[in-house]
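In: just to be clear, the model below is a prediction. Sequence and coordinates:
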Amino acid sequence: MRTYTVGGAVRDRLLGLPVKDRDYVVVGSTPEAMERLGYRPVGKDFPVFLHPETHEEYALARTERKTGKGYKGFQVYADSEVTLEQDLARRDLTINAIAEDEHGQLIDPYHGVADLDAKLLRHVSPAFSEDPVRILRAARFAARFTEFTVADETMALMRNMVEGGEVDALVPERVWQELAKGLMEQQPSRMFEVLRACGALKRLLPEVDRLFGVPQTAKYHPEVDTGVHVMLVIDYAARAGFSLPVRFAALTHDLGKGTTPADILPRHIGHEERSVGLLQSLVKRLRVPNDCKELALVVAKFHGKVHQVGEMKAATVLRFLQETDALRQPGRFRDFLRACEADARGRTGFEDQPLPQFQLLLDILDMVIAVDVGEVAKQQVNPAAIKDAVFNARVAAMEAAFNFPLAWAS
């Protein structure tokens, strides 16, 4: 029985990055022998065990054989005769197929160290094409390691996989899992660039893919291309350290611009409502979690109104806060404004523009929430008048503290 550190822990140490999780592969053992040593089996699809003291994961060396479509169509073989080189051969990228023994000696049969030095994402073997999840993983690594490029032969292989229909076999949960991880990487746009380059974006997220090449008014969008704008928006959200729901909302806020009638371009009249319809279909298809779905729908529908707040009367601003459910969900409203900030600054030349309306809206919201609704209700003889009285009291508080219209631009 010999134990090796493998995968990301070795890769990240060689790159000088913090090592978060360690994975180990065990060569020359069996499930029975591992259990006798006190390791606890936890693997569902293949033999994985938890160390009796550290609780770290140890997997028996294994090989895989393709038996059907998709990422689950594999037959796994784990035996004491499986070698370390055979186990490493089934991994996705060479930079993830480096092992290290207990003495710190590297075992690198597929030249992962050389590819780390060359900053290349290269597949280990033709077996890469057997698992469509690897397309998503390669794209995600491009978003994490922003100086790395996908090797030409790997990109060609990924295109062949897409053309062969492999990505069509991916289950929604796995697509979302990788998409969510990619959105949380350092430069998410690179993930979408790789997916688009190999043709996978059109299959997995056609609503996003069709945004590329769609023009916008240059006065407000110097980058012009809607797809380019969305990439700038998600990268801004990443630089700002925004949460996954905010980044997903940033990705999907302008989906409707991909279906704007050609005869009214570069204007996009009514794109917000079209965005909502497309987004509802997308979140259902990918089974997107509720927190991401609900914020994205609010951002898609109302992000345009944020730019009009300076021209609104107090009552109109209050109705806007009610429409976005800001009074009941102030935390989500803050995330709404963060997504709108990414939208506003995700434009060429607008990256550092002042956005005073966002803090003003938060200040107004705090004031509205502070109005003593119970006291207002007590003063009403007719219960049917309570709703209007509360609304009017909130408007009065707003007008007493702020000059409407706000007109910050002047």
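Out: Now that the structure is in, tell me what you want to look at.
In: contacts for stretch 167-185?
Out: For stretch 167-185, contacts defined as Cβ atoms under 8 Å, 6 or more residues apart in numbering pick out 69-73, 132-133, 135-137, 139-140, 143-144, 161, 188, 191, 200, 203-205, 234, 238, 244, 247-248, 251, 285-288, 292. Just so you know, the C-beta spots here come from the backbone N, C-alpha and C atoms, and that holds for glycine as well.
In: brain fart, stretch 8-20
Out: Counting by Cβ under 8 Å, 6+ apart, 21-23, 95-96, 98-100, 106, 112-113, 116, 145 sit against stretch 8-20.
In: of the contacts of stretch 167-185, which belong to helices?
Out: In this view, those that belong to helices under DSSP state H are 133, 135-137, 139-140, 143-144, 161, 191, 200, 203-204, 234, 238, 244, 247-248, 251, 285-286, 292.
In: for this structure, give me the ranges with low pLDDT.
Out: By pLDDT under 70, the weakly predicted segments of the chain are 65-78, 408-410.
In: one step back: just the buried ones among the contacts of stretch 8-20, please.
Out: Neighbour counting over the contacts of stretch 8-20 (16 or more other Cβ atoms under 10 Å) leaves 22-23, 95-96, 98-100, 112-113, 116, 145 as the buried ones.
In: as TSV, those with distance to V48 and secondary structure would be great.
Out: Formatted as TSV, these follow (distance: Cβ to Cβ, whole Å; DSSP: H, G, I helix; E, B strand; the rest coil):
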residue	distance to V48	secondary structure
R22	14	coil
D23	10	strand
I95	22	helix
N96	17	helix
I98	20	coil
A99	17	strand
E100	19	strand
G112	22	helix
V113	26	helix
L116	26	helix
F145	26	coil
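In: distance to V381 added to the residues you listed, as JSON lines?
Out: Shown next, in JSON lines, are the buried ones among the contacts of stretch 8-20 (distance: Cβ to Cβ, whole Å):
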{"residue": "R22", "distance to V381": "70"}
{"residue": "D23", "distance to V381": "70"}
{"residue": "I95", "distance to V381": "74"}
{"residue": "N96", "distance to V381": "72"}
{"residue": "I98", "distance to V381": "78"}
{"residue": "A99", "distance to V381": "80"}
{"residue": "E100", "distance to V381": "79"}
{"residue": "G112", "distance to V381": "79"}
{"residue": "V113", "distance to V381": "81"}
{"residue": "L116", "distance to V381": "77"}
{"residue": "F145", "distance to V381": "68"}
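In: pick the one among those residues closest to T154.
Out: I95 (11.6 Å; Cβ to Cβ).
In: list the contacts of the closest one.
Out: Applying Cβ under 8 Å, 6+ apart, the residues near I95 are 11, 112, 115-116, 121-122, 141.
In: columns distance to Q177 on top of those, output as TSV?
Out: Formatted as TSV, these follow (distance: Cβ to Cβ, whole Å):
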residue	distance to Q177
R11	20
G112	24
D115	25
L116	25
L121	19
R122	23
F141	15
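In: with just CA atoms, put stretch 222-236 into PDB.
Out: Extracted as PDB, the C-alpha positions of stretch 222-236 are listed here (Å, rounded to 0.1, in the frame of the first residue of the first chain):
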ATOM      1  CA  PRO A 222     -19.100  52.300 -26.000                       C
ATOM      2  CA  GLU A 223     -18.300  48.600 -26.200                       C
ATOM      3  CA  VAL A 224     -21.500  48.300 -28.400                       C
ATOM      4  CA  ASP A 225     -21.600  44.500 -28.400                       C
ATOM      5  CA  THR A 226     -24.200  43.200 -25.900                       C
ATOM      6  CA  GLY A 227     -22.200  40.000 -25.200                       C
ATOM      7  CA  VAL A 228     -19.100  41.900 -24.600                       C
ATOM      8  CA  HIS A 229     -21.000  44.200 -22.200                       C
ATOM      9  CA  VAL A 230     -22.300  41.200 -20.200                       C
ATOM     10  CA  MET A 231     -18.800  39.800 -19.900                       C
ATOM     11  CA  LEU A 232     -17.600  43.200 -18.600                       C
ATOM     12  CA  VAL A 233     -20.400  43.200 -16.100                       C
ATOM     13  CA  ILE A 234     -19.700  39.700 -14.600                       C
ATOM     14  CA  ASP A 235     -16.000  40.500 -14.400                       C
ATOM     15  CA  TYR A 236     -16.700  43.700 -12.500                       C
END
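In: and it, which residues are buried?
Out: Quick answer for stretch 222-236 (16+ other Cβ under 10 Å): 223, 225-236.
In: which other helices and strands does the helix or strand G277 falls within contact?
Out: Using DSSP states H and E, G277 falls within helix 271-286. If contacts are counted by 3 or more Cβ pairs under 8 Å, 6 or more residues apart in numbering; DSSP states H and E, helix 271-286 sits against helix 172-183, helix 206-209, helix 244-252, helix 290-302.
In: quick check: angle from the longest one to helix 244-252?
Out: Going by axes from the mean of the first three to the mean of the last three Cα atoms, to 10 degrees, helix 290-302 is angled at 40 degrees with respect to helix 244-252.
In: which other helices and strands contact helix 290-302?
Out: By 3+ Cβ pairs under 8 Å, 6+ apart, helix 290-302 packs against helix 244-252, helix 271-286, helix 330-345.
In: ok, residues contacting the next helix or strand after it?
Out: As assigned by DSSP H and E, the chain's next helix or strand after helix 290-302 is helix 314-323. The contact list for helix 314-323 (Cβ under 8 Å, 6+ apart) reads 302, 305, 309, 312, 327, 333, 361, 364-365, 368, 391, 394-395, 398-399, 402, 404, 406.
In: am I right that K20 sits in a strand?
Out: No: using DSSP: H, G, I helix; E, B strand; the rest coil, the assignment for K20 is coil, not a strand.
In: on that earlier part again, please produce a PyMOL select command covering the buried subset of the ones in helices among the contacts of stretch 167-185.
Out: Buried residues among those (16+ other Cβ under 10 Å), as a PyMOL selection:
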select buried, resi 133+135+136+137+139+140+143+144+161+191+200+203+204+234+238+244+247+248+251+286+292
